[in-house]
Each structure stands twice: as C-alpha cells, then as structure tokens.
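A.B. asks: take this sequence and fold it.
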Amino acid sequence: MNLEPSGQLNLFSHKVEFHKLIDLYKDNNLPNKILFSGEKGIGKCTLAYHLINYILSSNEDFSYDLDNLKIIPDNKSFKLVQNKSNPNFILVDIVEEKKNIDISQIRNLILTLNKSSFNTKPRFVLIDNIELLNINAVNALLKILEEPNDNINFILINNNKRILPTLKSRCLNFKIQLTSKQSIEIANKILDNNYNEFLNEDLVNNYSTPGEILNLIDFANKNDIDLIETNLKDFIKKIIVDKLYKKNNSIKNLIYSLMESYFRKNVSVTNIKLIASYTYFLRKIDNTKTFNLDEESLFMEFDDNILNG
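C.D. replies: Predicted coordinates:
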C-alpha cells in the first residue's frame with residue numbers, strides 16, 4: 001500500500017480548492033506561484049500532485065480523470081513522478097538527518113532550472129516544508145520567485161508555521177483545513193475502509209490528520225508494533241526507550257504529536273500538577289522545534305516525569 005502523497009490516486013478532500021485551481025488553469029489565469037498552508041498531513045501535497053498530474057497528463061494517454069478526481073496509474077507523467085525521473089517535476093524537501101532545507105538544495109534547484117527543458121510542457125517545482133528553509137535558502141528562493149520563467153510553476157507547502165511575509169505575498173494563498181471527523185473518514189478511505197484493522201480507537205482518537213494516522217500505521221508496520229494491542233502511553237514509551245525517533249524526521253514529528261495528544265487526553269481541570277506540566281512541555285516542544293534544540297533530553301524528561309511519574 002502506497003501511503004506517500006505522490007502515490008494517492010484519489011483526491012478525497014479539498015475538492016473546492018482543486019476545482020478553483022483547474023478553472024484558473026483553463027482560463028489561462030493560474031499563477032505560477034501557489035502556497036498551500038495548513039496542518040501537516042491534511043493532504044496539501046496530495047492536492048498539489050493532483051493539480052500537477054492534471055496539467056502534465058493532458059494530451060497523454062490515461063490523462064487525469066476529472067469526473068472522478070483520480071490519477072490514472074498507467075499515465076506516463078504519473079509513472080515518471082513515481083520514479084523520480086519526470087523532467088517536468090522537481091521536489092525539494094528536507095533531507096533525512098537534517099533539520100533545515102539549506103542553501104545547497106536551492107542552488108541545486110537553480111542549476112536544474114537553468115538547464116534547457118526537454119519539452120514544451122510546464123515545469124513544476126514542489127517545495128514541501130517551506131517553513132524549514134534556513135534564511136540563506138529563503139533569500140535564494142526569493143530571487144528565483146521574483147523573476148521566474150513563465151513556464152516554471154512553484155507550489156509551496158507550509159505546515160501552519162510562520163514564514164516570511166515577502167515569501168507569502170508572492171503567491172496565491174490557499175488555507176487548507178479538515179475537521180477531525182473528515183480526517184478519520186479520509187484515512188479510512190485510503191485504507192479501503194479498514195483502519196480499525198490497523199490500530200485501536202485509543203490511538204485513532206489522538207490523531208488529527210490523515211497523514212498522521214497513515215504515518216503511524218506505516219511506522220508501526222516497519223517496526224513490528226501491534227497497534228491493535230498498544231495504547232497511547234505504551235506506544236510513546238516504546239518510541240522513547242528504544243530511541244526509534246532517531247530513525248527519521250517524520251518520527252520526531254510523530255512523537256511531538258503523541259506527547260501533545262497524551263496531555264490532551266489526560267489533563268483535567270482538577271489535576272493542577274499535570275496542567276502545569278502540560279504548559280511546561282508545550283513550551284519546551286515549541287522551543288525544541290523552533291531553535292533545533294536537543295530533542296533526546298526533552299523525550300527522556302517526558303518519559304521520566306510524565307510517563308513514569
């Protein structure tokens with residue numbers, strides 16, 4: 001089962017935004033700089049991939065199915081994107097083991113864009129986690145955005161974090177949202193209506209986006225964790241004690257969400273001590289992510305003081 005945004009054939013959400021973008025494209029009014037902002041895992045990248053496939057697959061066999069909002073897996077452009085060999089598509093994202101998207105990645109992007117195109121089709125640059133660009137990378141990107149080639153289109157993905165106003169002002173902005181109920185429904189559809197075969201209700205109720213639910217299942221499968229029998233507290237403890245968060249950046253993001261979920265589940269107005277801990281750890285989580293502080297000490301402190309407290 002392909003859980004990556006690039007492999008999602010069906011568009012289960014954000015249909016209003018998608019049709020608005022399609023209408024702009026049909027009217028030759030689609031801006032070449034678009035920004036999707038919203039919580040991580042709600043389908044912003046999936047929306048981008050569907051828009052890109054709709055445009056690139058036109059005049060190809062197995063073109064985008066607009067009636068059913070579906071990418072056809074036999075389509076050439078889709079296959080090339082999956083194989084990371086589509087000359088009209090470039091993905092820029094954070095590299096594993098790094099905490100930022102740095103200037104070298106933007107320089108490589110510039111070198112690629114300066115090369116002649118292999119065809120007359122539009123070229124797309126998808127930059128995920130735009131909030132993780134360091135200041136040098138942002139400044140280099142702004143220069144590209146100021147004078148882009150008419151045939152080059154940028155789609156930027158922001159996970160509800162603060163970004164430079166100068167970056168935001170250069171783009172057509174879309175605020176992407178989902179309710180918790182919609183998130184569970186979408187995750188269930190992606191899992192062929194069988195999400196309860198992958199994880200128990202205790203864990204489902206602590207996730208707010210389809211991406212978080214799917215990442216949780218994917219992570220558990222790769223680490224032989226039975227999510228049917230595991231509750232939230234035991235799951236967090238296993239990640240911390242076994243240091244599974246060191247495997248990749250998505251797991252670090254996962255444990256931050258888990259910690260916040262644990263507090264939301266257990267905090268009550270009568271538990272003054274836990275309320276104080278909640279405030280303390282929320283601030284510490286935010287500082288750790290914002291200033292790239294040592295996450296291991298944070299996780300161990302959470303285990304000692306909260307899970308074992």
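
A.B. asks: what bits of the chain have low per-residue confidence?
C.D. replies: Counting by pLDDT under 70, the chain contains low-confidence ranges at 1, 148, 205-207, 248, 268-270.

A.B. asks: please parse it into its domains.
C.D. replies: 5-175, 180-307 (automatic domain parsing).

A.B. asks: where do the strands of this protein begin and end?
C.D. replies: 33-37, 89-92, 123-127, 152-158, 172-175 (DSSP state E).

A.B. asks: got the buried residues for the last one?
C.D. replies: Read it as strand 172-175. 172, 174 (16 or more other Cβ atoms under 10 Å). Where C-beta positions appear, they are placed from N, C-alpha and C, glycine not excepted.

A.B. asks: CA atoms of that strand as PDB?
C.D. replies: These are the backbone C-alpha positions of strand 172-175, laid out as PDB (Å, rounded to 0.1, in the frame of the first residue of the first chain):
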ATOM      1  CA  LEU A 172      -1.700  32.800  -4.500                       C
ATOM      2  CA  ASN A 173      -2.500  31.600  -1.000                       C
ATOM      3  CA  PHE A 174      -4.800  28.700   0.000                       C
ATOM      4  CA  LYS A 175      -5.700  27.900   3.600                       C
END
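
A.B. asks: what's in contact with it?
C.D. replies: Strand 172-175 is contacted from outside by 17, 31, 33-38, using Cβ atoms under 8 Å, 6 or more residues apart in numbering.

A.B. asks: ok, it: who's next to it in the sheet?
C.D. replies: strand 33-37 (parallel) (DSSP bridges).

A.B. asks: could you check the angle the partner strand makes with strand 123-127?
C.D. replies: 30 degrees (axes from the mean of the first three to the mean of the last three Cα atoms, to 10 degrees).

A.B. asks: contacting residues for the residue nearest to Leu274 when sequence neighbours are not counted?
C.D. replies: Nearest residue to Leu274 in three dimensions, chain neighbours excluded: Val267, at 5.3 Å (Cβ to Cβ, 6 or more residues apart in numbering). By Cβ under 8 Å, 6+ apart, the contact list for Val267 reads 274-275, 278.

A.B. asks: with neighbour count added, can I get those residues in TSV?
C.D. replies: Converted to TSV, those look like this (neighbours: other Cβ atoms under 10 Å):
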residue	neighbour count
Leu274	15
Ile275	14
Tyr278	19
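
A.B. asks: name the nearest of those residues relative to Asp234.
C.D. replies: The shortest gap between Asp234 and any of those belongs to Leu274, at 18.5 Å (Cβ to Cβ).

A.B. asks: quick one: the nearest residue to Asn86 once chain neighbours are set aside and Asn53, what's the gap?
C.D. replies: Leaving aside its chain neighbours, Asn86 sits nearest to Leu80 (3.6 Å; criterion: Cβ to Cβ, 6+ apart). Distance of Leu80 to Asn53, given as Cβ to Cβ, to the nearest Å: 11 Å.

A.B. asks: of the two, who's got more company?
C.D. replies: Neighbours were counted for Leu80 and for Asn53 using other Cβ atoms under 10 Å; Asn53 has more, 24 against 15.

A.B. asks: how close does that one sit to Lys70?
C.D. replies: Remark: distance between Asn53 and Lys70 (Cβ to Cβ) = 10 Å.

A.B. asks: which residues do those two both contact?
C.D. replies: Residues touching both Asn53 and Lys70 by Cβ under 8 Å, 6+ apart: Tyr64.

A.B. asks: and the helices in the stretch 1-150 of the chain?
C.D. replies: 15-26, 44-56, 76-82, 103-114, 135-146 (DSSP state H, counting those that start in this stretch).
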